[in-house]
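[1] I'll drop the sequence and a predicted model, then ask my questions.
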There are 2 protein chains.
Amino acid sequence: MAAPRRRTSAELQVNGGLMPPSAHVIASSRGGSGGGAPSREDHAVTTNGGGPAHRGGKQRGGSSACSATKVSGRRRPAGRMPLWRVFIFASVALNVAALPLLLHQYIVSHPHHPGVVSPDQQQHHAYAPQPGTSGAAASAPSTGKPAVTTDSVINLDHGDPTMFEAFWRETGDAAELVIPGWQTMSYFSDVGNVCWFMEPLFDQQVRRLHRTVGNAAVDGYHVLVGTGSTQLFMAALYALSPADANQPTSVVSTAPYYSSYPAVTDFLRSGLFRWAGDANSFVGDSYIELVCSPNNPDGAIRDAVLSSGAGKAVHDLAYYWPQYTPITRRADHDIMLFTVSKSTGHAGTRIGWALVKDREVARRMTKFVELNTIGVSKDSQLRAAKVLSAVSDGYDGGASRHRLFDFGRRKMVERWRMLREAAAASGAFSLPEETSGRCNFANETAANNPAFAWLRCDREDVEDCAGFLRGHKILTRSGNQFGADPRYVRVSMLDRDDAYDIFISRLASLK
Amino acid sequence: MAAPRRRTSAELQVNGGLMPPSAHVIASSRGGSGGGAPSREDHAVTTNGGGPAHRGGKQRGGSSACSATKVSGRRRPAGRMPLWRVFIFASVALNVAALPLLLHQYIVSHPHHPGVVSPDQQQHHAYAPQPGTSGAAASAPSTGKPAVTTDSVINLDHGDPTMFEAFWRETGDAAELVIPGWQTMSYFSDVGNVCWFMEPLFDQQVRRLHRTVGNAAVDGYHVLVGTGSTQLFMAALYALSPADANQPTSVVSTAPYYSSYPAVTDFLRSGLFRWAGDANSFVGDSYIELVCSPNNPDGAIRDAVLSSGAGKAVHDLAYYWPQYTPITRRADHDIMLFTVSKSTGHAGTRIGWALVKDREVARRMTKFVELNTIGVSKDSQLRAAKVLSAVSDGYDGGASRHRLFDFGRRKMVERWRMLREAAAASGAFSLPEETSGRCNFANETAANNPAFAWLRCDREDVEDCAGFLRGHKILTRSGNQFGADPRYVRVSMLDRDDAYDIFISRLASLK
């Protein structure tokens, strides 16, 4: 008997279509699309319960608020008004009637909060929409934290890198990505590679950028991709913890250390690895030391402090880029983590990468990402590849006049100048000493301008700096989350100009 | 003293540009971009070490293989050849010389393997490129597993949903997404929402699709987004495990259960939750029961089997869509998981979502995703929103003539017919009985056509069906990974036509 073959279209018995019999006609629309800055006029009115998104400001469909009248300058015999004038009249009337509805919906969806609510404080949020109610329909991609005013709470708790938006707007469509509907649907990107879910274009642009900047060696390294370097940090812990150990491997870092290290290490109470605190006070032969350089939160340039035979180091180089610090050497550690969040500012894309020397370590890190999320979004990888390529185009002889690191370094120099002047004007705060070094990328001496300010409150009567600043509507992250004294706070230097300027102004006035 | 103010451009002392002094000029190119089907002619030749990607087939830069000669029909005095003819001659000569190089690189990068290597079998892969060598430069986004021939190993181990590519190609640009370089750079999407990293456009399209299909209730539910439903599965375990319990919460599911459930539950040896096997044999008051319906691997329609007061159920409804099964009711469980991988076929996008009734559970699941990956890629969310919108456009009165569920159901009906015929022709295999039900979406009786075939080898002398089929170059997943007898295998029904047809042909011939 012959093997079953695929029937031709003619032979195929097609079931009746799956159009639900009760489908009612809704005005034709294409729901949601990217591109273009969201304009307030585009907020459409929809019925409660959320139908398809409507584009444009005019309301389609049946509004019964059609009672406006229009006085015509010329007199016509009754019943003799031309049909087209009737249509214009009705259309204008509908628009006039719709205007208060539009305004009402706009106000409902953009309440003027007394301040921005950080995700950790959501339980205090007065405006908590009931799940399942659509409010005003979304009509465009999000735009991050709401805009601030001089009365707003200024939230610099997170390192949200929206400072870079201004640069990327200037690049026009150089970093624009178009994704066809049928593209990259498979789980697999490159079945012959250790990191089988990594897009080759992304691998290529990572290597190119490191060669251009000279901040890390890439020859002889595996490139791995992750959903942010946070995921790759967990992957490294998984890969470096022996599966057959009697007890969890200790994870350490010198204080002040990044507040996420203990949180991410311990939140699942893994039997493989466990946070063991400050590396400076660690005793033992087996450990994983996290070395962040430049350091989060204080910007210090660091090396590993432990050197036992059985210990391993993971180098988090998220800030090792020219806008923050001089590129003094080509880093060549066993495991190096990077992220687009802090290099290009594309935190929302959720892409990080690791440079890994050892193939077995690379394989185990890949296995972690496979079990955690079956790989990494290819859309995000392709966007990151496009963005990294646009960065390299400005420096390796490409035709681009857009130079990210020039922009970034200029901004960071200016912001740190403003911050030091404000701290001096206040008299109540101190900052780390400025350090500098020879930058091989820019071929000049350059200062360190860290992505976070490690600010100390020097007032005798203030032991909790974060609480003190919160009272002045400035949100920061307390030093105690970094294994340090709560007289310190970590302040983001990467937010938008409007928020940063208000912060500076307020800080200078605090005595 | 006045607060520091931002200096004007005129005042700003701009450091010298960051152009590295040793930058050598590389032919201007834009590395990597999306859009358009990759064509073999576009594979460019680059030097080892990987410079910027070059587009187009011509080789730029110094090739020394310039020795081809060309015979001209007309005779010209020596030294009198026009310059333009010299250029054309040189250009043709270069192209002729480059052709063997191109072919060589093409062969090197696309070796005709005796079979496709599944990620789990990479250690057996003969072709293991050294890290840091670029091979042939990537020039386009990936296209999944390599194409197959009648001699290939057919890999149906994974549920790679490339069957749906044909549908999405037909939609043209209806599901195309354009992402400007400056868009969605922030970590934050909607600070007032429990799921603060979720794009409102995505939330909206999820609710719209469920209302259109009628497969799940959405009013009164929180929508959460994850990097695939795999991440949300872990998030649910985290959210439902009491933090103060003396021992890990037991995680169970009735056999045959999805092979990833035990793997994902246990790979970090969490102290919060631990795999405890088959729900049918579980004894205890406190547990998390995973209910997958239609079930992976056998397509069975399922309900929870445990009902203790302290136990919780998580419903994985990845396959509860019209192409696989009749929509018999609007599901309204406490926690319901879905994924674009199996509904639309966009596995590479890595997007899943959860419908969650309880606000505190939603908050804790959100916290998991925050700690694991600081949210979910907004690029992926916007792509998923565009895709889901295109699906709904075909059914809720939108103008689209592209009907995903019609396509999917037609394909699944046909493939199951072919499979049953092949199994009958072989005589050595059996399949689950066909079941059917009333589909409220299509308003007709419809059969179950599961995404995986739960195939049993009935030969007395075959105890390991996966091994038997592997010997015939068909890769499947053994029943023992699902808590079942190794006489069973799970076979993907979602691969491309070429792979599926070869599988059918081979299966029919096995006696």
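    Right, received. Where do you want to start? Computed from a prediction, not measured in an experiment: that's the story for all the values here.

[2] gap between stretch A:292-301 and the chain center?
    Computed by Cα atoms, centre = their mean, to the nearest Å, the chain-centroid distance of stretch A:292-301 equals 20 Å.

[3] quick check, that stretch touching chain B?
    No - Stretch A:292-301 lies apart from chain B when judged by Cβ under 8 Å from any Cβ of the partner chain; the minimum separation is 13.6 Å. C-beta coordinates here come from the backbone N, C-alpha and C atoms, glycine included.

[4] ok, and what's touching that stretch?
    Applying Cβ atoms under 8 Å, 6 or more residues apart in numbering or on different chains, the external contacts of stretch A:292-301 come out as A:159, A:253, A:256-259, A:302-303, A:315-320, A:324-325, A:432, A:435, A:437, A:448, A:450-452, A:454, A:477, A:479, A:482, A:484, A:488, A:490.

[5] Narrow those to those in strands?
    Judged by DSSP state E, the subset of the contacts of stretch A:292-301 located in strands is A:253, A:315, A:316, A:437, A:452, A:454, A:477, A:488, A:490.

[6] so what's the closest residue to the second one other than its chain neighbours up against?
    Meaning residue A:315. Spatial nearest neighbour of residue A:315, chain neighbours left out: residue A:333 (4.2 Å); criterion: Cβ to Cβ, 6 or more residues apart in numbering or on different chains. With contact taken as Cβ under 8 Å, 6+ apart, residue A:333 is in contact with A:291, A:313, A:315.

[7] The last one and chain B: what is the separation?
    From residue A:315 over to chain B the distance is 17 Å, taken as Cβ to the nearest Cβ, to the nearest Å.

[8] For stretch A:453-460, the averaged confidence score.
    In this model, stretch A:453-460 has a mean pLDDT of 98.

[9] Can you report how many residues neighbour the closest residue to residue A:175 other than its chain neighbours?
    With Cβ to Cβ, 6+ apart as the criterion, residue A:175 has its nearest non-adjacent residue at 3.0 Å, and that residue is residue B:181. If you count neighbours by other Cβ atoms under 10 Å in any protein chain shown, residue B:181 ends up with 24.

[10] ok, now which ones touch the residue most central in space within chain A?
    The centre of chain A sits closest to residue A:347, judged by Cα atoms, centre = their mean, with a distance of 2.0 Å. Counting by Cβ under 8 Å, 6+ apart, residue A:347 touches A:159, A:160, A:161, A:340, A:341, B:185, B:186, B:187, B:374.

[11] Now do the same for the nearest residue to it once chain neighbours are set aside: helix, strand or coil?
    Leaving aside its chain neighbours, residue A:347 sits nearest to residue A:341 (4.0 Å; criterion: Cβ to Cβ, 6+ apart). Three-state call for residue A:341 (DSSP: H, G, I helix; E, B strand; the rest coil): helix.

[12] shouldn't residue A:341 be in contact with residue A:164?
    No - if you go by Cβ atoms under 8 Å, residue A:341 and residue A:164 don't touch, sitting 9.8 Å apart.

[13] Neighbour count: the two, which is higher?
    residue A:341 (27 against 24).

[14] Can you give me the distance of that one to residue B:241?
    For residue A:341, the distance to residue B:241 equals 30 Å [Cβ to Cβ, to the nearest Å].

[15] Ok, residue A:441 next?
    47 Å.

[16] can you map out the strands along the stretch 151-300 of chain A?
    Using DSSP state E, counting those that start in this stretch, the strands of the stretch 151-300 of chain A run over A:154-155, A:177-179, A:222-226, A:249-253, A:273-278, A:287-292.

[17] how near is residue A:256 to residue A:452?
    10 Å.

[18] Find me the pLDDT at the residue nearest to the centre of chain A, would you?
    98.

[19] show me what contacts residue A:489?
    Contact analysis of residue A:489 by Cβ under 8 Å, 6+ apart lists A:454, A:455, A:457, A:465, A:466, A:469, A:476, A:477, A:478, A:479.

[20] Kindly state the beta-bridge partners for it.
    residue A:455, residue A:478 (DSSP bridges).

[21] pLDDT score for it?
    At residue A:489, pLDDT is 98.

[22] what does the one 10 residues further on give?
    Note on residue A:499: pLDDT of 98.

[23] is it fair to say residue A:388 lies in a strand?
    No - using three-state DSSP, the assignment for residue A:388 is helix, not a strand.

[24] I'd guessed it sits against residue A:344; true?
    Yes - the criterion here is Cβ under 8 Å, and residue A:388 meets it with residue A:344 at 7.0 Å.

[25] who has more neighbours, those two?
    Per other Cβ under 10 Å, whichever of residue A:388 and residue A:344 has more neighbours is residue A:388, with 30 against 26.

[26] Return the residue spatially closest to that one, with its sequence-adjacent residues excluded.
    residue A:205 (4.1 Å).

[27] domain ranges for chain A?
    Domain assignment for chain A by the TED database gives A:154-162+A:403-509, A:184-394.

[28] most tightly surrounded among the ones you listed?
    Each of these was scored by mean neighbour count; the highest is domain A:184-394, a mean of 22, by mean count of other Cβ atoms under 10 Å in any protein chain shown.

[29] tell me how far it is from the chain's mean position?
    Domain A:184-394 has its C-alpha centroid displaced from the chain centroid by 17 Å (Cα atoms, centre = their mean).

[30] Same check on stretch A:482-490?
    24 Å.

[31] End to end on it, go ahead and measure it.
    9 Å (Cα to Cα, to the nearest Å).

[32] What values do phi and psi take at residue A:161?
    Per-residue torsions, residue A:161: phi -90, psi 40 (degrees, to the nearest 10).

[33] should've said residue A:300
    Dihedral angles for residue A:300 - degrees, to the nearest 10 - are phi -70, psi 150.

[34] Would you quantify the distance from it to residue B:374?
    Distance of residue A:300 to residue B:374, given as Cβ to Cβ: 23 Å.

[35] Just the helices from the stretch 201-350 of chain A, written as ranges.
    For the stretch 201-350 of chain A, applying DSSP state H, counting those that start in this stretch gives helices covering A:228-240, A:260-266, A:340-343.

[36] Output those as a markdown table; include the columns mean pLDDT.
    What follows is the helices of the stretch 201-350 of chain A, written out as a markdown table (pLDDT from 0 to 100):
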| stretch | mean pLDDT |
| --- | --- |
| helix A:228-240 | 98 |
| helix A:260-266 | 98 |
| helix A:340-343 | 98 |
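
[37] low pLDDT regions in chain A?
    Low-confidence segments of chain A (pLDDT under 70): A:1-82, A:84-137.
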